[in-house]
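Trainee: A structural model of the following input is requested.
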Amino acid sequence: MSEGEEIANKIKELAVIIAEAKTAKKPIGEWKSTLDEMLALKTKYKEITGNDYGPPKDEKKKAAPQQAAAGKNKAKNEAKAKAKAEKEEKKNRQRAERENREREKAAKLAGIGQENFGDAPMVQSKEITGKVWTDIEDLKPVLAGQEVLVRGYVQNSRLVGKGSFILLRSKLHTVQGVCFESNDISNAMVKYIAGLPSESVVDVTGKVTVPEQPVDSATQKMVEISITQFHCISKTSAAMPFLMEDACRPDCGKESDVGAYTGEEKASEDGLVRVGQEVRLDNRWLDLRTPANQAIFRIESMVGQLFRENLMNKGFVEIHTPKIIGGASEGGSDVFTLDYFGREACLAMSPQLHKQMTAACSGFERVFETGPVFRAENSNTRRHLCEFTGFDLEMAIHEHYDEVLEVFSDLFISIFDGLNERCSTEIERVREQHPFKDLKYLKPTLKITFAEGCKLLREAGIDQDEFEDLSTLNEKKLGDIVKNKYGTDFFFMDKYPLSVRPFYTMPCPENPKLSNSFDFFIRGQEILSGAQRIHVPEFIEERAKAWDIPLEDIKAYVDSFRHGALPHGGGGIGLERVIMLFLGLPNIRKSAWFPRDPKRIAP
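Mentor: Next comes the predicted model:
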């Protein structure tokens, strides 16, 4: 045996030892020396034979199938990886398709891409389309079969089976709209209508139909709208502070219209939810949407129109006087003061001084004004406000202030008659929520003296001095007495004590303790105060001194009478109180757009 063969055999023996060690998973440290010895023999083998040591040819042939198997494993792994990638790709594709379907569904529900329903583009005065809108109040059976387009607030909506019902409101009127699935109406449209937040503004197109039974929940009871198109113009985005149904619910019992107002609410005796006055005022923009409030303030607007019509027909001129003055307009301390560029000023308690100037001293003779009046009285009652709307008039007289009283009597009768004739629908809308009895009034207006009024109170067992002003409670009691005795809710009293009237009031010529002054009452509450005014400057100064009014504060006023002044008289009306009492409302805040009292200055 040659040396090379001996080395080869030795290498084989060592290889077997190493293989066994690996199979036994022995640490390399235990067979490292055997490996080093085998590598050294392979080096020596090459030096002797000139060839690298390798396995016999038959062993190389056995290695070939092993290499083929390794190739097969690689291909199999690659196939698995490819299948996995394809599976992941399919999964991602399905996810994308699902998300796209969901987006399309959401878009469809929102009306995106739909022509007959959905969210309308913002109204930005981009174009004039020529569309004609029909007022809800004009929807009547005579329009049956005609297509109409209406706009209004969604008062409520509901889903019933495959249809939706909606109550649409505009101003004083409501109408029911109905929409059912059909070839032209999708399920998405029905759900869109039913799911729209209440008080959203919508445009509704549809045919007018006559229902088999009247729709009790709507003012337009004899018609419905069969909806074909429905678009949201402005969607409610904030939570509603109260439900409109609760805000429209009729009063439970009758509240007192006199006494303190604390803002505290009592639970309704019938257990139904009602919206309290303070919550209403905190959210006045919503509260004003109720049909009752829509009616109240349309009636108020009509009072202004009737006031102007009557006086202008009598030759009166409308004036506009300043509300910032240099002193209290009627004396006293109940004024809102302010700094006027370093000088003290105040908000006018009335246009009194300036309307006298214009009527008696400027040649206009008959003037009137409507505007804000400010009173810094810390009176938290049901009939007082710190800012209200004054309807004032002043007129020259020839010989007696009864001329003024005749104008006021005719003015109020024309206003009451006008309201009953022109606002019958509005009056009934108020009555539906705030039940009241129609105002009773005489033609001409009942007139009694202050002394006669005091006598009526004493005859009823009520203490009342003839030279002391009436308390609110006694005024209310006198109103009840007059109603029972004369059958009228409206009257006026004349000849008040001079001590309870402003400094510019003309004293009574027959009794210096009395004055040529008067108050008008509705349902036992004062709504107007007036008098003949002093037109002689020296007499004005005398009366101002009696009231401790600094003459420098009224210098311009007194000076206006030094160049000839017409005898004159007039009065001031509180608009909100007239509305409150005409409609029998229990609180003046219900007849003020945005009331201002000692505790409220917003909204």
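
Trainee: mind listing the helices for the stretch 151-300 of the chain?
Mentor: When secondary structure is read from DSSP state H, counting those that start in this stretch, the stretch 151-300 of the chain shows helices at 187-195, 244-247, 277-282, 284-287, 291-313.

Trainee: for the second one, packing partners?
Mentor: Based on contacts counted as 3 or more CB pairs under 8 Å, 6 or more residues apart in numbering; DSSP states H and E, the elements that helix 244-247 packs against are strand 147-160, helix 284-287. To be clear about C-beta, it is placed using only N, CA and C from the backbone, and glycine gets the same treatment.

Trainee: on that earlier part again, including mean pLDDT and distance to residue 385, could the helices of the stretch 151-300 of the chain go into JSON lines?
Mentor: Compiled in JSON lines, the helices of the stretch 151-300 of the chain are given as follows (pLDDT from 0 to 100; distance: least, CB to CB, whole Å):
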{"stretch": "helix 187-195", "mean pLDDT": "95", "distance to residue 385": "42"}
{"stretch": "helix 244-247", "mean pLDDT": "94", "distance to residue 385": "22"}
{"stretch": "helix 277-282", "mean pLDDT": "97", "distance to residue 385": "12"}
{"stretch": "helix 284-287", "mean pLDDT": "98", "distance to residue 385": "14"}
{"stretch": "helix 291-313", "mean pLDDT": "98", "distance to residue 385": "14"}
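
Trainee: distance to residue 432 and mean neighbour count added to the ones you listed, as CSV?
Mentor: Converted to CSV, these look like this (distance: least, CB to CB, whole Å; neighbours: other CB atoms under 10 Å):
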stretch, distance to residue 432, mean neighbour count
helix 187-195, 27, 19
helix 244-247, 13, 18
helix 277-282, 17, 18
helix 284-287, 16, 16
helix 291-313, 7, 18
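
Trainee: turn those into JSON lines, columns for distance to residue 522.
Mentor: Shown next, in JSON lines, are those (distance: least, CB to CB, whole Å):
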{"stretch": "helix 187-195", "distance to residue 522": "46"}
{"stretch": "helix 244-247", "distance to residue 522": "27"}
{"stretch": "helix 277-282", "distance to residue 522": "21"}
{"stretch": "helix 284-287", "distance to residue 522": "24"}
{"stretch": "helix 291-313", "distance to residue 522": "12"}
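
Trainee: between those helices, which gets nearest to residue 371?
Mentor: helix 291-313 (11.2 Å; CB to CB).

Trainee: after that closest one comes which helix or strand?
Mentor: Going down the chain from helix 291-313, the next helix or strand is strand 317-318, by DSSP states H and E.

Trainee: could you say what helices and strands that following strand packs with?
Mentor: Counting contacts by 3+ CB pairs under 8 Å, 6+ apart, strand 317-318 packs against strand 366-374.

Trainee: re earlier: just the helices and strands packed on helix 244-247: most buried one?
Mentor: When the helices and strands packed on helix 244-247 are scored by mean count of other CB atoms under 10 Å, the highest mean neighbour count falls to strand 147-160 (a mean of 17).

Trainee: now do that one: everything it contacts.
Mentor: 131-136, 139, 164-170, 174-175, 190-191, 193-208, 225, 228, 233, 244-245, 289 (CB atoms under 8 Å, 6 or more residues apart in numbering).

Trainee: filter the residues you listed to the buried ones?
Mentor: Buried subset of these (neighbour count, 16 or more other CB atoms under 10 Å): 134, 136, 139, 164-170, 174-175, 190-191, 193-194, 196, 198-206, 208, 225, 228, 244, 289.

Trainee: closest to residue 257 out of the helices of the stretch 151-300 of the chain?
Mentor: Closest of the helices of the stretch 151-300 of the chain to residue 257 is helix 277-282, at 13.1 Å (criterion: CB to CB).

Trainee: what's the distance between the closest one and the middle of its chain?
Mentor: Its chain's C-alpha centre and that of helix 277-282 lie 10 Å apart, by CA atoms, centre = their mean, to the nearest Å.

Trainee: and for stretch 145-164?
Mentor: 23 Å.

Trainee: average model confidence for that stretch?
Mentor: Stretch 145-164 shows a mean pLDDT of 97.

Trainee: dump that stretch to PDB, restricted to CA.
Mentor: C-alpha atoms of stretch 145-164 as PDB (Å, rounded to 0.1, in the frame of the first residue of the first chain):
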ATOM      1  CA  GLY A 145    -102.100  66.900  -9.000                       C
ATOM      2  CA  GLN A 146     -99.800  69.800  -9.500                       C
ATOM      3  CA  GLU A 147     -96.100  69.700  -8.900                       C
ATOM      4  CA  VAL A 148     -94.800  72.200  -6.400                       C
ATOM      5  CA  LEU A 149     -91.400  73.200  -4.900                       C
ATOM      6  CA  VAL A 150     -91.500  74.200  -1.200                       C
ATOM      7  CA  ARG A 151     -88.800  75.200   1.300                       C
ATOM      8  CA  GLY A 152     -89.000  74.800   5.000                       C
ATOM      9  CA  TYR A 153     -87.600  73.400   8.200                       C
ATOM     10  CA  VAL A 154     -87.800  69.700   9.000                       C
ATOM     11  CA  GLN A 155     -89.900  69.700  12.200                       C
ATOM     12  CA  ASN A 156     -89.800  65.900  12.400                       C
ATOM     13  CA  SER A 157     -89.400  62.800  10.200                       C
ATOM     14  CA  ARG A 158     -89.900  59.100  10.600                       C
ATOM     15  CA  LEU A 159     -89.300  55.800   8.700                       C
ATOM     16  CA  VAL A 160     -92.300  53.500   8.400                       C
ATOM     17  CA  GLY A 161     -91.700  50.300   6.500                       C
ATOM     18  CA  LYS A 162     -90.500  51.200   3.000                       C
ATOM     19  CA  GLY A 163     -91.700  54.800   3.300                       C
ATOM     20  CA  SER A 164     -90.800  58.000   5.100                       C
END
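
Trainee: what ranges do the helices span in the stretch 301-450 of the chain?
Mentor: Applying DSSP H, counting those that start in this stretch to the stretch 301-450 of the chain gives helices spanning 352-356, 402-422, 424-433, 450-459.

Trainee: kind regards, and thank you for your time.
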